[in-house]
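**Student:** My questions are about this predicted structure, shown below with the sequence.
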Amino acid sequence: MKRVNRPAKPAYLARNEARLLERLNELCEERNGHGSDLEKKIKRAEQKYNHRSVKEALNTMYRELCCYCECTASTDGFSAIEHRKPRRDFPELTFDWQNLHLSCTPCNGAKADQWNEKHPILDAAADKVDDHLTYDDDDYTILVPRNRSMRGDTTIVHAKLNRPRLKAARREIAHEFLNTLTKIRKLSGDPKVRAKVEKIDEMVAGPLGSLVSYLRDVHLSDEVLPS
Ligand SMILES: [Zn+2]
């Protein structure tokens, strides 16, 4: 998980948020005593957060990476708008821009409606993620809470951030990092080293970037990096 900056609320939400929520509330109030027709209407009213412009804003904000696992959110051709505070318990936040994130299908499915009020799952756009999460010093494929952070723990557990496929993806990206590191060390003093260092900067901004950043801190000393 990596910290991101949240841009301004998309115009669609700014314009319609209050009206959409009002409509949803009206329908929910009517719910008692009515049949499946109304349920369908409620479902449709709820889904109005899923607007193209909202998705685009979240894709830009997260560089199309999942807010929890940092994998490409649409690897399987589908990414979801994630309600950090679940709609089931916080229906009033269905269209709330601050509550909307981007997640991959496995993270979205794992987290589902879970919510820990005392130690809530981290918010990549509001929390200092690095204060709560790091990687295991003995096995960099394992994400661990930093300084026993309970919120870090909730995040790992709710989004299942040590699932086998994720660990395999971390191993792969670490391998790529270590290969680049070997080249950087061989090129020490050569101007070509700069391109390799830039490649690592790109990797930090890309999929599983928080692991690359962790490995860079562990392995790349200032003397190797040209200023
Ligand atoms: Zn994910």
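**Tutor:** In hand now; what should we look at?
**Student:** For the spatially most central residue of the chain, which residues are in contact?
**Tutor:** Nearest to the mean C-alpha position of the chain, by CA atoms, centre = their mean, lies residue 67 at 0.5 Å. Applying CB atoms under 8 Å, 6 or more residues apart in numbering, one finds that residue 67 lies in contact with 1, 4, 82, 101-103, 107, 124. Quick note: C-beta positions are derived from backbone N, CA and C, even for glycine.
**Student:** Report the residue spans of this structure with pLDDT below the cut-off.
**Tutor:** 32-35, 74-78, 221-227 (pLDDT under 70).
**Student:** who in it is up against the ion?
**Tutor:** 66, 68-69, 104, 107 (CB under 5 Å from the ion).
**Student:** which of the residues you listed has the most neighbours?
**Tutor:** Ranked by the number of neighbours (other CB atoms under 10 Å), the residues of the chain next to the ion place residue 68 first, at 30 neighbours.
**Student:** thinking again about what came up before, any idea how far the residue nearest to the centre of the chain is from residue 166?
**Tutor:** 14 Å (CB to CB, to the nearest Å).
**Student:** Same question for residue 102.
**Tutor:** Between residue 102 and residue 166 the distance is 17 Å, computed by CB to CB.
**Student:** domain ranges for the protein?
**Tutor:** Using automatic domain parsing, the domain parsing of the chain gives 11-158, 164-219.
**Student:** quick one: terminal-to-terminal distance for the longest one?
**Tutor:** Pointing back at domain 11-158 there. From its first residue to its last, domain 11-158 covers 31 Å (CA to CA, to the nearest Å).
**Student:** ok now that domain, how far from the chain's centre?
**Tutor:** 9 Å (CA atoms, centre = their mean, to the nearest Å).
**Student:** what's the answer for stretch 161-170, then?
**Tutor:** With CA atoms, centre = their mean as the basis, the mean position of stretch 161-170 lies at 15 Å from the chain mean.
**Student:** One more: stretch 146-164?
**Tutor:** 13 Å.
**Student:** Now tell me what touches it from outside.
**Tutor:** Outside stretch 146-164, the residues touching it (CB under 8 Å, 6+ apart) are 1, 68-69, 103, 106-107, 110-111, 114, 116, 118-122, 127, 130-134, 142-145.
**Student:** thought residue 70 was touching residue 214?
**Tutor:** No. Checked against CB atoms under 8 Å, the pair residue 70 and residue 214 is beyond contact range at 11.8 Å.
**Student:** who has more neighbours, the two?
**Tutor:** Comparing residue 70 with residue 214 by neighbour count (other CB under 10 Å), the higher total belongs to residue 70, at 27 against 21.
**Student:** three-state assignment of the more buried one?
**Tutor:** coil (DSSP: H, G, I helix; E, B strand; the rest coil).
**Student:** I appreciate the help and will end here.
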